[in-house]
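Peer 1: from the sequence below, what's the structure:
(one chain, ligands or ions: 1)
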Amino acid sequence: MNEKRAWWKESVVYQIYPRSFQDSNGDGIGDLNGIRQRLDYLKELGVDVIWLSPVYQSPNDDNGYDISDYQAIMGEFGTMEDFDGLLAEIHERGMRLVMDLVVNHTSDEHPWFVESRSSRDNPYRDYYIWREPAEQNAAPNNWASRFRGSAWEYDPATGMYYLHIYSRKQPDLNWENPKMREDIYRMMRWWGDKGIDGFRMDVISMLSKDQRYPDGVCRDGNPYGDGLPYYGNGPRIHEFLKEMNREVLSRYDWMTVGEGVGVGAKEALQYAGYDSDELNMMFHFEHVELNPGPYGKWNDNRADLRELKAVLSRWQTELEGKAWNSLFWDNHDYPRSVSRFGNDSPRYRELSAKMLAVCLYMMKGTPYIYQGQEIGMTNCGFRDLKDYRDIEIARVYEEMVGGGLVSHDEMMRYINHTGRDNARTPMQWDDTPHGGFTTGTPWIRENPNYVDINVKEQMGRKDSVYTFYRELIALRRESDLIQYGTYHLLLPEDENLFVYRRELDGEKLLTVCNFTDREQTFTWQEGWGTEGQVLIANYADNRKPTHGTLRPYEAIVWKWT
Ligand code: NOJ
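Peer 2: Numbers count the residues shown, from 1 in each chain. I've put the predicted structure just below:
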């Protein structure tokens with residue numbers, strides 16, 4: 001085996017979006033005590049690590065990704081005492097807790113920003129990025145906010161603009177300022193000393209901005225320019241992360257995973273290479289951003305399987321022996337994978353959800369499961385714009401429909417396909433009102449299919465998606481081959497099948513997945529081992545993959561020596 005073992009390589013992570021997971025006090029908003037009620041459920045599923053999306057104090061312009069106090073808990077979610085109880089109960093069960101670290105920006109209600117905007121010579125002025133207006137009082141450059149519109153906001157109090165790559169209530173921190181960096185590191189150590197087990201780092205690749213602030217190219221129907229080439233993987237990013245590692249990360253036995261907006265496999269080696277002294281892993285988005293349309297992410301296209309295979313396989317091979325992959329289909333920023341890469345019709349939803357699980361979680365890397373994925377939750381497809389809550393959806397609708405770029409109907413199709421709220425509807429626990437999520441009125445409508453698709457129904461059924469996830473997680477845990485084996489893509493040109501081999505110390509494994517709703521012929525090739533065993537399969541008869549045809553969405557894992 002050419003890999004060094006590490007607990008975070010052998011873990012399965014479960015992401016909780018607290019607002020939508022479990023409400024315990026009937027206010028319609030998920031909370032920390034709600035999570036505590038569900039810890040036994042997570043333990044039984046078999047996950048090792050819980051990643052909590054932000055729970056810090058926040059005015060919730062972007063559901064907690066706009067923090068106004070890093071060392072306080074959001075009132076709607078509970079108290080610091082509740083948090084301490086949660087952490088202790090997670091540890092009692094032998095699980096770990098990873099928090100979200102959002103340090104590219106704060107809320108505009110954070111005391112640092114309140115100070116910063118109050119005068120040009122305030123000691124906190126340089127904690128943020130202020131620039132003089134360009135000619136005729138225009139913004140300093142043409143960068144687009146990632147939520148549409150300009151990334152600059154004019155502040156009349158001091159007659160200057162501040163940068164906000166997300167909403168105007170999320171001003172960007174100035175990482176050029178060493179004092180600001182020291183304050184962030186101090187805050188991270190405070191959480192470390194409380195006993196948390198690591199951080200998922202929000203848009204970490206965006207901390208260092210090109211200090212010349214050049215205009216970006218306008219594309220995807222956006223009247224503003226793309227600043228990513230100047231703030232993604234910026235000039236000092238690795239210096240900052242090495243410093244963070246020295247000052248904080250190296251002092252704890254942590255798992256760290258960076259959100260790598262604009263990060264390709266080559267760049268990932270710099271952030272998370274085994275000798276980089278920065279982070280453990282990166283999230284990349286290449287596989288969930290395939291096949292963009294003329295308006296970028298706002299489209300209703302399906303990905304081409306050959307491209308999907310090429311992207312995922314490139315990450316597998318380029319990181320081999322040098323860095324560690326993170327494996328995810330779903331999170332709170334993307335639509336539900338079963339609706340997007342599988343098939344959410346009643347006939348194929350369960351089969352295709354299981355097939356997707358096999359396909360990704362038999363690869364090398366740390367699996368991340370997003371709440372509800374383990375029961376095959378689907379996109380919500382709300383027809384009325386008013387049912388959506390996401391600031392990004394509101395913004396893009398305003399700009400694209402308001403600006404006459406697309407019609408209402410077209411935009412609704414795109415929102416139903418790629419909008420973030422698809423993943424943010426309440427967790428479906430049972431078939432009681434609101435799916436058992438709350439006794440009050442949920443902050444966002446539930447998906448009406450909770451009556452059929454819910455945890456309670458699936459826990460009691462041997463062939464459910466939930467039971468399948470449990471088996472898959474248990475299988476990974478027992479197997480060095482699955483955790484550490486090398487990866488090799490087979491049949492790269494096949495448009496319908498995803499087939500790959502894993503290998504470790506003479507043991508071999510073949511994963512075969514049919515991504516279509518049709519039978520596909522499959523030719524067994526020499527050297528693929530005719531003797532062996534089926535490790536897991538999503539059709540009940542567990543037959544050998546040598547059979548000649550694969551049924552719709554069939555997935556089989558075959559092991560031999
Ligand atoms: C990425 C987060 O995952 C997303 O939800 C958020 O809107 C942005 N970063 C800004 O923090």
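Peer 1: what does the stretch 151-300 of the chain have sitting close to the ligand?
Peer 2: Tyr166, Asp202, Val203, Glu259 (C-beta under 6 Å from any ligand atom). Glycine gets a C-beta too; all of them are placed from N, C-alpha and C.
Peer 1: in the stretch 451-561 of the chain, what residue lies closest to the ligand?
Peer 2: Per C-beta to the nearest ligand atom, Tyr469 is where the stretch 451-561 of the chain lies closest to the ligand, at 22.9 Å.
Peer 1: report pLDDT for that residue.
Peer 2: Tyr469 carries a pLDDT score of 98 in this model.
Peer 1: so which residues of the stretch 201-350 of the chain form strands?
Peer 2: 217-218, 225-226, 255-259, 281-283, 324-327 (DSSP state E, counting those that start in this stretch).
Peer 1: quick one: the residue of the stretch 451-561 of the chain closest to the ligand is in a helix?
Peer 2: Yes. Looking at Tyr469 with DSSP: H, G, I helix; E, B strand; the rest coil, it is inside a helix.
Peer 1: ok, back up a step: want to try CSV for the strands of the stretch 201-350 of the chain, with mean neighbour count, distance to Glu507 and mean pLDDT as columns?
Peer 2: Putting the strands of the stretch 201-350 of the chain into CSV (neighbours: other C-beta atoms under 10 Å; distance: least, C-beta to C-beta, whole Å; pLDDT from 0 to 100) gives the following:
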stretch, mean neighbour count, distance to Glu507, mean pLDDT
strand 217-218, 12, 49, 96
strand 225-226, 20, 46, 96
strand 255-259, 25, 27, 98
strand 281-283, 26, 25, 98
strand 324-327, 23, 20, 98
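Peer 1: before we move on, the earlier item: phi and psi next, for the closest residue to the residue of the stretch 451-561 of the chain closest to the ligand other than its chain neighbours.
Peer 2: Nearest residue to Tyr469 in three dimensions, chain neighbours excluded: Glu374, at 4.3 Å (C-beta to C-beta, 6 or more residues apart in numbering). Here is the backbone geometry of Glu374 (degrees, to the nearest 10): phi -70, psi -10.
Peer 1: give the contact list for Glu374.
Peer 2: Residues near Glu374 by C-beta atoms under 8 Å, 6 or more residues apart in numbering: Leu45, Val465, Tyr466, Tyr469.
Peer 1: what's the burial count for the residue of the stretch 301-450 of the chain found nearest the ligand?
Peer 2: Closest residue of the stretch 301-450 of the chain to the ligand, C-beta to the nearest ligand atom: Asp333 (4.7 Å). Residues within reach of Asp333, counting by other C-beta atoms under 10 Å, total 19.
Peer 1: and the closest residue to it other than its chain neighbours, what does it touch?
Peer 2: Of all residues beyond its chain neighbours, the one nearest Asp333 is Arg420 (5.3 Å), with distances taken as C-beta to C-beta, 6+ apart. For Arg420, the contacting residues are His332, Asp333, Tyr334, Pro335, Asp390, Glu392, Ile393, by C-beta under 8 Å, 6+ apart.
Peer 1: how about Ser464?
Peer 2: Glu350, Ile375, Glu457, Gln458 are the contacts of Ser464 under C-beta under 8 Å, 6+ apart.
Peer 1: from Ile35, how far out is the first one?
Peer 2: If I follow you right, that is Glu350. 26 Å (C-beta to C-beta, to the nearest Å).
Peer 1: more neighbours: which of these two?
Peer 2: Shown here are Glu350 and Ile35; by other C-beta under 10 Å, Ile35 has more neighbours (25 against 22).
Peer 1: and the more buried one, helix, strand or coil?
Peer 2: Quick answer, by three-state DSSP: Ile35 is helix.
Peer 1: if I look at the residue lying closest to Asn33 once chain neighbours are set aside, how far off is the ligand?
Peer 2: Leaving out its chain neighbours, the residue that sits closest to Asn33 by C-beta to C-beta, 6+ apart is Ser24, at 4.0 Å. Note on Ser24: its distance to the ligand, by C-beta to the nearest ligand atom, to the nearest Å, is 24 Å.
Peer 1: hmm, back to that, can you tell me which of the contacts of Arg420 comes closest to Ala139?
Peer 2: Using C-beta to C-beta, Glu392 is the member of the contacts of Arg420 that lies nearest Ala139, at 20.3 Å.
Peer 1: in contact with that closest one, which residues?
Peer 2: Neighbour list for Glu392: Arg146, Phe147, Arg148, Gly419, Arg420 [criterion: C-beta under 8 Å, 6+ apart].
Peer 1: repeat for Val396
Peer 2: Val396 makes contact with Phe147, Arg148, Trp298, Met411, Ile415, according to C-beta under 8 Å, 6+ apart.
Peer 1: and the least confident of these?
Peer 2: Arg148 (89).
Peer 1: count the residues that sit near that one.
Peer 2: Other residues close to Arg148 by other C-beta under 10 Å number 21.
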